[in-house]
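**Q** Predicted model follows, preceded by the sequence.
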Amino acid sequence: MNIPFYKFHGTGNDFIMVDNRNDIFSKNNTNLVHELCHRRFGIGADGLILLENSDNASEDFKMVYYNSDGNQSSMCGNGGRCLVAFAKLLGVINEKATFNAIDGLHEATIDGDIVSLKMQDVLAKGINEDELFLDTGSPHHILFSEQVGDINVKQDGASIRYSEKYESSGGTNVNFVQQKDENTFLVRTYERGVEDETYSCGTGVTAVAIAVNATGKTDSNIVFLETPGGKLRVSFENNNGNYYNIWLTGPTAKVFKGEFEC
Ligand SMILES: N[C@@H](CCC[C@H](N)C(=O)O)C(=O)O
């Protein structure tokens, strides 16, 4: 069977998109997803995303996300933004979307190639620089550095991702952060399930934006994040460590379309 797909990226975090509203994709085939995402033997991507019908009529669609290792995983912020652009291309939505993902309901807006995605509320009470972990739909460990350009993200990220501390909870993503100015931060991310540095991570920069505010590195409630793949913005409101109305904003791009056999 030939299955049509689109390739999208959001600031270099790239995804294979499949319209699965007619159940054409075999959802438990870990090997297939892994092979499709392989950068030498497949299409090449950090993950694969299915756009499915939602069970609830008030929602526009459902997001099913796989990491490039072939396993379904927790929320993907850039993937969610790209899926909104894909839904617009398919004619499923116009300028606004409400969709269901593994971490619950998300709202989104799209204007040209810019997609803003509303993230789940985050509780960031009692965190400090030495112990920075936040869950923004996916788990994120955060480390500050003077010079993120000098870090071996794959090696240092893996040692934290596989450390005893995160073993029982299924591991973590790891973000290395350098302050550039009052409200701009450089971020490099090691992604669990890709097991390497990716060019950008949406839930990662969301975690960083909240962490830099919660630890007093910036007072701003709009934080600009520069990743190897491009620039993102995170805005939020904060009530005593309870972060809400969190929006992740940035560009998305369609790269190409094709078909794979399975
Ligand atoms: N690229 C993502 C995060 C995807 C999930 C992550 N790899 C995990 O398994 O925790 C993003 O943009 O948020």
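**A** That came through, no problem. Numbers count the residues shown, from 1 in each chain.

**Q** Run a quick neighbour tally on Val174.
**A** 27 (other Cβ atoms under 10 Å). Using the backbone N, CA and C atoms, a C-beta is placed for each residue, glycine as well.

**Q** does it sit in a helix or strand, and which one?
**A** According to DSSP states H and E, Val174 maps onto strand 173-181.

**Q** what about that strand and the ligand, touching?
**A** Yes. Against the ligand, strand 173-181 shows contacts by Cβ under 6 Å from any ligand atom at Asn173.

**Q** How about that strand, which residues are buried there?
**A** 173-178 (16 or more other Cβ atoms under 10 Å).

**Q** That one pairs with which strands, parallel or anti?
**A** strand 139-144 (parallel), strand 184-191 (antiparallel) (DSSP bridges).

**Q** Can you list the residue ranges for helices in the chain?
**A** In the chain, the helices defined using DSSP state H lie at 30-37, 77-90, 153-161, 164-167, 202-214.

**Q** Can you say which of the ones you listed is nearest to Asp135?
**A** Between Asp135 and those, the tightest spacing by Cβ to Cβ is seen for helix 202-214, at 7.9 Å.

**Q** still on that earlier bit, please convert the helices of the chain to a markdown table, extending it with distance to Ile114 and mean pLDDT.
**A** Conversion of the helices of the chain to a markdown table gives the following (distance: least, Cβ to Cβ, whole Å; pLDDT from 0 to 100):
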| stretch | distance to Ile114 | mean pLDDT |
| --- | --- | --- |
| helix 30-37 | 26 | 98 |
| helix 77-90 | 9 | 99 |
| helix 153-161 | 27 | 98 |
| helix 164-167 | 34 | 96 |
| helix 202-214 | 14 | 98 |
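
**Q** Of the ones you listed, flag the one that's most buried.
**A** Highest mean neighbour count of the helices of the chain: helix 202-214, a mean of 28 (counted as mean count of other Cβ atoms under 10 Å).

**Q** Asp2 reaches Gly258, doesn't it?
**A** Just to correct that, residue 2 is Asn rather than Asp. No. Here Asn2 does not reach Gly258: they are 9.7 Å apart, not a contact under Cβ atoms under 8 Å.
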